[in-house]
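Asks: model this:
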Amino acid sequence: MTAANLNTLTGGGATALHSHAGTGGAFAGFTKVVGHNVIIGNPVYLYNDTGTTKAKKAEAITNPVVAGIVYEDKSTGDPTQIITSGETPALTDAAWVASTPPVQATDLGKDVYLSTSAGLLTLTPPTANGETVLRLGIVSAGGTGASKIIVMVGESTLIVV
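Replies: Numbers count the residues shown, from 1 in each chain. All right, here's what the predicted structure looks like:
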């Protein structure tokens, strides 16, 4: 490696030596067709649709298993990237339950959970009997329409009261 290559590599720009994927940070994931319209930030689970594995919006009551977080807005039947670890692109407030947005800089480092509303995120874990608490990651950026999370899907806990 030359001094010029080192500067290029560590300079943060997209070059032949180094590039950042998309508008979020680096991430690991996979691609699946979606079973209905999704937006950036929707937590999804996988299901079998007559022999084809597809992704569908998850929620903390009847579908509390999350395969990852949607990377891009897509329509029913379109393939989409699903983040399993790493940082999301900027999320609109529509990705959060109505009581949560806007996520602010003061929320940095807070846990992000699967909501009881299909496909939505929340900073408040579910608490009712029969709901599942599933941590999806932490807030890495705040601001109206510009929040980001670092995806780290954890293990779920069923609430029994």
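
Asks: Look up the closest residue to Ser85, ignoring the ones flanking it.
Replies: Nearest residue to Ser85 in three dimensions, chain neighbours excluded: Ala28, at 4.9 Å (Cβ to Cβ, 6 or more residues apart in numbering). Yep, even glycine has a C-beta here, placed from its N, CA and C like the rest.

Asks: any idea how far Thr106 is from that neighbour?
Replies: Separation of Ala28 from Thr106 (Cβ to Cβ, to the nearest Å): 29 Å.

Asks: Which residue lies nearest the spatial centre of this protein?
Replies: Ile69 (3.1 Å; Cα atoms, centre = their mean).

Asks: for the protein, what spans make up the strands?
Replies: All strands of the chain, identified by DSSP state E, fall at 27-34, 43-49, 52-57, 68-70, 79-87, 111-114, 121-122, 132-133, 135-141, 148-152, 157-158.

Asks: hmm, back to that, who are the contact partners of the residue nearest to the centre of the chain?
Replies: Gly41, Asn42, Pro43, Val44, Ile82, Ile83, Thr88, Leu136, Gly137, Ile149, Val151 (Cβ atoms under 8 Å, 6 or more residues apart in numbering).
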